[in-house]
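1. Need a 3D model of the following:
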Amino acid sequence: MNLHEITDTANQATMQRLLARYFSSRQHYAIRQIGGATFSVEPSRHRTGISDEACCLRYVITHVAQGWSVVARSVWRDGRLLEPRATHTRLDLYLDDDGRHGSAEAVAVAFNGWLRTLDL
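-> Got it, this is the predicted structure:
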């Protein structure tokens with residue numbers, strides 16, 4: 001496993017904890033500030049094999065001061081993140097918003113640093 005894979009794996013697991021702590025399936029449309037980042041939440045399409053009772057959400061997380069955005073998705077059912085979380089809650093995209101990071105891998109490292117500042 002290389003450094004980017006290790007960082008992404010840590011980010012995925014921490015993102016699951018963050019969503020479970022701060023969000024719910026009842027927040028179909030929401031904008032929330034956490035640790036200086038803005039979370040925009042909206043429904044997303046149901047993926048193949050997901051039951052009709054489940055709620056699929058998309059999150060766009062933007063930290064203007066740090067110059068990055070991250071796109072994530074999750075599936076909720078009965079008020080909880082659908083198991084296995086590693087399958088149904090995913091970080092899909094790391095974006096360098098202002099060019100200071102230079103790559104998606106560098107954004108993943110910056111995002112990891114930001115996640116570590118949160119009380120999760």
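
2. burial of the closest residue to residue 85 other than its chain neighbours, as a residue count?
-> Sequence neighbours aside, residue 16 is the residue nearest to residue 85 in space, at 4.6 Å (criterion: C-beta to C-beta, 6 or more residues apart in numbering). For glycine as for every other residue, the C-beta is placed from the backbone atoms N, C-alpha and C. When neighbours are defined as other C-beta atoms under 10 Å, residue 16 has 20 of them.

3. Render the CA-only coordinates of the host helix or strand of residue 16 in CSV, please.
-> Taking DSSP states H and E as the criterion, residue 16 maps to helix 3-22. The C-alpha coordinates for helix 3-22 follow below in CSV (Å, rounded to 0.1, in the frame of the first residue of the first chain):
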residue,chain,number,x,y,z
LEU,A,3,1.1,6.6,1.0
HIS,A,4,-1.9,7.9,-1.1
GLU,A,5,-3.7,4.6,-0.5
ILE,A,6,-3.0,4.8,3.2
THR,A,7,-4.2,8.4,3.4
ASP,A,8,-7.3,7.7,1.4
THR,A,9,-8.2,4.7,3.6
ALA,A,10,-7.8,6.8,6.7
ASN,A,11,-9.9,9.5,5.1
GLN,A,12,-12.7,7.1,4.2
ALA,A,13,-12.9,5.7,7.7
THR,A,14,-12.8,9.1,9.3
MET,A,15,-15.5,10.4,6.9
GLN,A,16,-17.8,7.6,8.0
ARG,A,17,-17.4,8.7,11.7
LEU,A,18,-17.9,12.4,10.7
LEU,A,19,-21.2,11.7,8.8
ALA,A,20,-22.5,9.4,11.6
ARG,A,21,-21.8,12.1,14.2
TYR,A,22,-23.0,15.2,12.4
